[in-house]
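Colleague: below: sequence and its predicted model.
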Amino acid sequence: TQLLEQSPQFLSIQEGENLTVYCNSSSVFSSLQWYRQEPGEGPVLLVTVVTGGEVKKLKRLTFQFGDARKDSSLHITAAQPGDTGLYLCAGPSGNQFYFGTGTSLTVIP
Amino acid sequence: SQTIHQWPATLVQPVGSPLSLECTVEGTSNPNLYWYRQAAGRGLQLLFYSVGIGQISSEVPQNLSASRPQDRQFILSSKKLLLSDSGFYLCAWSSGTADTQYFGPGTRLTVL
């Protein structure tokens, strides 16, 4: 079983602060995906990282894939209330996808 | 473009009643299809996945079953619901060669 551990599990910050969410595994993945999910809705894909060491930016969000392709991070700059949600990382293995334990982010106005 | 539909959006059922949740995908052919269950605010538990019509793989022994009668249709069923079947059910698809999944809007199931 390829486990993906996310930290922190819960995060509550003030608007304008920066934060980093981590996704770690003991297994190598060909790629990792990050999703954001709002209550009562399905997860929405934010980004896929494929190459070890890759950095992708999506407005105020910066995603990095570890050199060994076992971990990834999501950094949010100047968080906004609209960033509130559950952040999930996921990695493919054959026909399956393994999901992280999730990070619940609350940005307080 | 591809779209994925799930229905119903919410469902309240008594213990012991049957269940049928449906998922359909548009705009793609021969997708891999998945059913997940999610506890409140937590990660996703894979229940079933399918790589083709009539091909179902089950990940967790449970009170549920899945079927894929058509290429882009995936159904989650139960003959008799248990209280523990309550949860948020998500359907997803991926291309057979891609490394990304796309999710439907989900079904909130409450068993009373």
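Modeller: Here it is on my side, so go on.
Colleague: now A:Arg36. Nearest residue, chain neighbours left out?
Modeller: Sequence neighbours aside, A:Gly85 is the residue nearest to A:Arg36 in space, at 4.7 Å (criterion: Cβ to Cβ, 6 or more residues apart in numbering or on different chains). (Glycine included, C-beta is placed from N, CA and C.)
Colleague: so what pairs up with that neighbour in the strands?
Modeller: Taking DSSP bridges as the rule, A:Gly85 bridges to A:Leu105.
Colleague: run a quick neighbour tally on it.
Modeller: Neighbour count for A:Gly85, taken as other Cβ atoms under 10 Å in any protein chain shown: 19.
Colleague: that one is in contact with A:Gly40, isn't it?
Modeller: No - with contact defined as Cβ atoms under 8 Å, A:Gly85 and A:Gly40 do not form a contacting pair (11.3 Å).
Colleague: pretty sure B:Gln13 contacts B:Ser86?
Modeller: No - between B:Gln13 and B:Ser86 there is no contact under Cβ under 8 Å: 9.1 Å.
Colleague: quick one: contacts for the closest residue to B:Gln6 other than its chain neighbours?
Modeller: Using Cβ to Cβ, 6+ apart and skipping the chain neighbours, the partner closest in space to B:Gln6 is B:Gly104 (3.9 Å). Contact analysis of B:Gly104 by Cβ atoms under 8 Å, 6 or more residues apart in numbering or on different chains lists A:Gly42, B:Ile4, B:His5, B:Gln6, B:Cys23, B:Leu90, B:Cys91, B:Ala92.
Colleague: of those residues, grab the buried ones for PyMOL.
Modeller: Remark: buried members of those, expressed as a PyMOL selection using 16 or more other Cβ atoms under 10 Å in any protein chain shown:
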select buried, (chain A and resi 42) or (chain B and resi 4+6+23+90+91+92)
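Colleague: turn the contacts of B:Gly104 into TSV, including distance to A:Asp67, secondary structure and pLDDT.
Modeller: Formatted as TSV, the contacts of B:Gly104 follow (distance: Cβ to Cβ, whole Å; DSSP: H, G, I helix; E, B strand; the rest coil; pLDDT from 0 to 100):
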residue	distance to A:Asp67	secondary structure	pLDDT
A:Gly42	32	coil	94
B:Ile4	34	strand	96
B:His5	40	strand	95
B:Gln6	38	strand	97
B:Cys23	38	strand	97
B:Leu90	32	strand	97
B:Cys91	35	strand	98
B:Ala92	29	strand	96
